[in-house]
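S.K.: test case, fold it:
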Amino acid sequence: MNPASEIAIGFADFTLLRPWWLLALLPCWALAWTVARTPRAAFGNWTGVVDADLLPHLVDPAPTGRRGAVRIVIAVGLTLAVIALAGPALKGRTNVALRSDAMRVLVADLSPALEDARNGASLVEALQVELLDLLDRMPEGQTALIAYADEPYLLAPPTTDSATLRMLVTELAPDALPVAGERPERALRMAAKLLARSGAATRDVLWLSAGGAASAPSLQAVAELQAEGMRVSLLRLGAENDARGALHDAIVASGGLDLARRTDDHDVSALLAHLDRASTLRQERIPTRSTPRELGPWLLALLLPLAALAFRRGVFTLLAAFLLIPPPAANAGDFADWWQRPDQRAMEALRSGAAETAATRFTDARWKAVAHYRTGAYADAAALLEPFDDADSLYNRGNALARLQRLDQALQTYDAALRRRPDDPDILHNRDLVRELMKRPPPPQSGQGEPGTPPP
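M.R.: Next up is the predicted model:
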């Protein structure tokens with residue numbers, strides 16, 4: 001490429017964020033021209049104070065060259081300042097990158113069978129360890145998390161943020177779900193819907209089961225996933241659940257693996273290698289910078305030496321005073337406050353598990369409600385969401401009301417959310433679950449059962 005073409009490409013990437021500021025150049029240049037044209041006495045302002053015959057003996061005449069240099073400096077300084085205010089910037093560029101076109105859904109068994117102990121170790125801990133190991137080494141792509149007992153719950157939609165998924169995994173236990181049971185076929189069909197909506201080329205379901213027993217509904221669900229081109233892999237958490245039978249044949253027929261949990265790393269390594277071999281890459285145009293890179297501050301840096309000239313002898317006094325001022329005590333938290341808004345710091349606290357801290361920092365009422373919900377302050381969460389009438393806020397408020405056992409209000413809130421977002425599977429599922437709970441007899445007053453709704 002010749003130099004002329006490179007220069008042309010450089011100008012094509014150049015833009016002005018605030019071009020109307022360039023109009024200020026006209027009065028600035030007019031002022032500089034007027035000052036240059038105005039004759040100035042050799043003795044400056046002393047001509048109006050001292051007699052003309054005494055001036056040559058009392059005041060040294062100002063050199064003409066210096067006055068001209070000062071005018072040039074003023075003109076250049078004003079020009080640079082106006083150009084900086086116009087916002088010169090480089091446009092954001094777009095490059096071609098490769099991204100993994102793979103999606104997998106982790107299906108975690110939270111049935112009562114998970115509470116059984118095997119060889120002195122709880123299967124709850126085994127489930128968490130296996131999931132954390134998978135997430136730490138998961139190949140590129142999107143991952144979703146579903147937990148099930150009698151009903152399936154979408155704990156995390158498809159995401160590439162494995163840190164959030166790991167935070168959810170540490171809270172998995174059978175008592176986290178409101179209704180006990182073991183219906184894996186419902187969770188598998190929920191996973192199939194997620195994968196069907198994703199449009200990914202490679203679609204996998206990783207099923208971590210405590211029981212591992214084959215049932216007609218689960219076999220039918222695996223067959224349905226196979227018919228849709230989705231692979232199902234099974235990791236049996238119970239060491240004795242490694243029998244080869246109808247479920248094993250269905251898993252293998254779908255293209256997945258049927259593995260028993262091992263104390264070493266071979267089970268997870270085999271699953272990850274199986275996922276990585278089938279993953280595909282697709283080309284996408286990804287912007288390298290979401291906003292233009294402004295060059296105005298660099299132009300202002302060029303004005304500093306010119307501004308220092310205006311102080312003349314006083315500039316050295318100013319610099320000395322600045323250097324003698326003792327610096328404030330360094331505080332890492334203070335520096336972080338410079339670059340992050342309160343809601344950003346609150347979001348970091350929420351993701352790290354410090355929900356109580358996040359609840360005090362959030363300024364956004366909806367996110368503050370989420371933080372209160374995580375801490376168990378369901379009444380505060382419901383009160384904060386009451387003024388909002390969008391589908392997400394109504395859905396989250398319905399969850400908080402259900403946790404408070406205010407099922408009638410929760411049902412009305414879910415219905416209002418459905419009027420704004422009809423056929424939403426999560427809202428429909430929670431509304432139907434609340435309806436089912438309303439038909440059941442109330443629990444004994446001495447016990448405290450879990451309300452029938454998942455967290456938002």
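
S.K.: packing partners for the helix or strand hosting residue 34?
M.R.: According to DSSP states H and E, residue 34 maps onto helix 25-37. When contacts are defined as 3 or more C-beta pairs under 8 Å, 6 or more residues apart in numbering; DSSP states H and E, helix 25-37 packs onto helix 64-85. The C-beta positions use only the backbone N, C-alpha and C, and glycine is treated the same way.

S.K.: still on that earlier bit, tell me the mean pLDDT over the helix holding residue 34?
M.R.: Taken as a whole, helix 25-37 has an average pLDDT of 77.

S.K.: ok, stretch 205-225 next?
M.R.: Mean predicted confidence for stretch 205-225 is 85.

S.K.: okay, how far is it across that stretch, tip to tip?
M.R.: 9 Å (C-alpha to C-alpha, to the nearest Å).

S.K.: could you look up the SS state of residue 276?
M.R.: Recorded secondary structure, residue 276: helix (DSSP: H, G, I helix; E, B strand; the rest coil).

S.K.: nearest spatial neighbour of it, skipping sequence neighbours?
M.R.: What sits nearest to residue 276 in space, not counting adjacent residues and going by C-beta to C-beta, 6 or more residues apart in numbering, is residue 139, at 4.6 Å.

S.K.: against residue 89, how distant is that neighbour?
M.R.: 37 Å (C-beta to C-beta, to the nearest Å).

S.K.: ditto for residue 158
M.R.: 35 Å.

S.K.: likewise residue 133?
M.R.: Taking C-beta to C-beta, one finds residue 133 at 46 Å from residue 89.

S.K.: state the mean pLDDT of stretch 247-262.
M.R.: 87.

S.K.: in that stretch, what's buried?
M.R.: 247-248, 250-251, 254-261 (16 or more other C-beta atoms under 10 Å).

S.K.: output the contacting helices and strands for the helix or strand harbouring residue 382.
M.R.: Assigned by DSSP H and E, residue 382 belongs to helix 378-385. Judged by 3+ C-beta pairs under 8 Å, 6+ apart, the packing partners of helix 378-385 are helix 365-375, helix 391-403.

S.K.: the longest one packs against which elements?
M.R.: In this case it means helix 391-403. helix 365-375, helix 378-385, helix 407-420, helix 425-439.

S.K.: identify the residues contacting it?
M.R.: 366, 369-370, 373, 378-379, 381-382, 385-386, 388, 407, 409-411, 413-414, 416-417, 420-421, 424, 426-427, 430-431, 434, 437, 451-456 (C-beta atoms under 8 Å, 6 or more residues apart in numbering).

S.K.: just the buried ones from these, in PyMOL syntax?
M.R.: Per 16+ other C-beta under 10 Å, the buried members of the contacts of helix 391-403 correspond to this PyMOL selection:
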select buried, resi 366+369+370+373+378+381+382+385+407+410+411+413+414+416+417+424+426+427+430+431+434+437+451+452+453+454+456
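
S.K.: need the pLDDT of the nearest residue to residue 126 once chain neighbours are set aside.
M.R.: In space, and not counting its chain neighbours, residue 126 is closest to residue 237: 5.2 Å by C-beta to C-beta, 6+ apart. On the pLDDT scale, residue 237 is placed at 84.

S.K.: same question, residue 430
M.R.: For residue 430, the model assigns a pLDDT of 86.

S.K.: wait, it sits on residue 411?
M.R.: No: the criterion here is C-beta atoms under 8 Å, and residue 430 misses it with residue 411 at 9.6 Å.

S.K.: make sure residue 205 is indeed in a strand.
M.R.: Yes: under three-state DSSP, residue 205 sits within a strand.

S.K.: I'd say it and residue 105 touch.
M.R.: Yes: under the criterion of C-beta under 8 Å, residue 205 makes contact with residue 105 at 5.2 Å.

S.K.: need the residues touching each of those two.
M.R.: Joint contacts of residue 205 and residue 105 (C-beta under 8 Å, 6+ apart) are 191, 195.
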